[in-house]
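> here is a sequence together with a model predicted from it:
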Amino acid sequence: MIDYMARQIQLWGKQTQDNLATKKVAVVGCGGLGCSIGIALSGLGLKSIDLVDFDEVSTHNIHRQIAFSLGDEGQFKANILKDIITKRYDKTVISSHIQDFNQFAKNNTKKYDLIFDGTDNIQARVDIDDYSKDHGTSWIYGSVEKFYGQVCFMDEAKFEEFFKVQQNPPQGITAGMVMHIASFQVLLGMRYLTSLPIQKDRLYHFSFDEFGVFQHKQFSLK
């Protein structure tokens, strides 16, 4: 599959590409963020990607969840995403886990190189953070609301110390911002998995101001 990976090998060389084939990651949540994350990761040449999500596709999901189409309603998101990304590169082992993260964490014994957050609530992220700290695994947080979003490579910082656990009604989400945040999550993860430098425990906030100018701010969590 040298031709498949040719452009990546130009970036970081065959040794790094071969090393990627030993990496195992999990994507928790296969909705808007998880769809884009999974598809972007699928061609990276990883050893395995585990997809964790208990939910089924609903019509209102489809506009921003790019793996799904009309007619997929009622099917499990993780299974559909698995089928789609397997077709993109069949050397990576893709597994779907139809359960919530706590169930998955109790039953899973695999050691991951990195975990990607594709969930949509704070409590799930607290659970991911606790699991990651217990297992010595970093994870990449991402969230989207309206026209803004946040990303952070979580390493030593404790998630619950910076984010209040609360339940707020949905405020609407734009598909473009979902894909933007997921892409940035994957870029951070790609750099980490290929041993390129990144800033850990730094929160990136992306938004538009009142004049429609795109804004980017950074905050240290350490």
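Structure's in. What do you need? Computed from a predicted model, the values in this text were never measured in an experiment. Numbering: from 1, shown residues only.
> low-confidence ranges in the chain?
1, 165-170 (pLDDT under 70).
> residue at max distance from the center of it?
residue 211 (30.0 Å; C-alpha atoms, centre = their mean).
> using the three-state scheme, assign it.
Going by DSSP: H, G, I helix; E, B strand; the rest coil, the secondary structure assigned to residue 211 is coil.
> for it, give its distance to residue 154.
32 Å (C-beta to C-beta, to the nearest Å). From N, CA and C alone the C-beta is placed, and that goes for glycine too.
> so where's the longest helix in the chain?
Using DSSP state H, we find that the single longest helix of the chain is helix 175-193.
> next one: residue 37 from residue 127, what distance?
18 Å.
> more neighbours: which of those two?
A count of neighbours by other C-beta atoms under 10 Å puts residue 37 above the other of residue 37 and residue 127, at 31 against 19.
> confirm the more buried one sits in a helix?
Yes. Judged by three-state DSSP, residue 37 forms part of a helix.
> and the residue nearest in space to the middle of the chain, bridged to which residues?
Nearest to the geometric centre of the chain sits residue 116, at 3.6 Å (C-alpha atoms, centre = their mean). Counting by DSSP bridges, residue 116 forms beta bridges with residue 27, residue 140.
> need the contact list for it.
Contact analysis of residue 116 by C-beta atoms under 8 Å, 6 or more residues apart in numbering lists 25-28, 34, 37, 41, 139-140, 142, 185-186, 189.
> return the members of those residues classed as buried.
Among the contacts of residue 116, those classed as buried by 16 or more other C-beta atoms under 10 Å are 25-28, 34, 37, 41, 139-140, 142, 185-186, 189.
> what about residue 68, how many residues close to it?
Counted with other C-beta under 10 Å, residue 68 comes out at 23.
> what's the distance between it and residue 184?
Counting by C-beta to C-beta - residue 68 and residue 184 are separated by 22 Å.
> cool, residue 173 as well?
Taken as C-beta to C-beta, the span from residue 173 to residue 184 is 16 Å.
> now do residue 132
Taken as C-beta to C-beta, the span from residue 132 to residue 184 is 19 Å.
> got it, and residue 104?
25 Å.
> where do the strands sit along this structure?
24-28, 48-52, 93-97, 114-117, 139-145, 148-154, 202-208, 214-220 (DSSP state E).
> just put those strands in JSON lines and tack on distance to residue 160.
What follows is those, written out as JSON lines (distance: least, C-beta to C-beta, whole Å):
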{"stretch": "strand 24-28", "distance to residue 160": "17"}
{"stretch": "strand 48-52", "distance to residue 160": "20"}
{"stretch": "strand 93-97", "distance to residue 160": "24"}
{"stretch": "strand 114-117", "distance to residue 160": "14"}
{"stretch": "strand 139-145", "distance to residue 160": "12"}
{"stretch": "strand 148-154", "distance to residue 160": "11"}
{"stretch": "strand 202-208", "distance to residue 160": "14"}
{"stretch": "strand 214-220", "distance to residue 160": "16"}
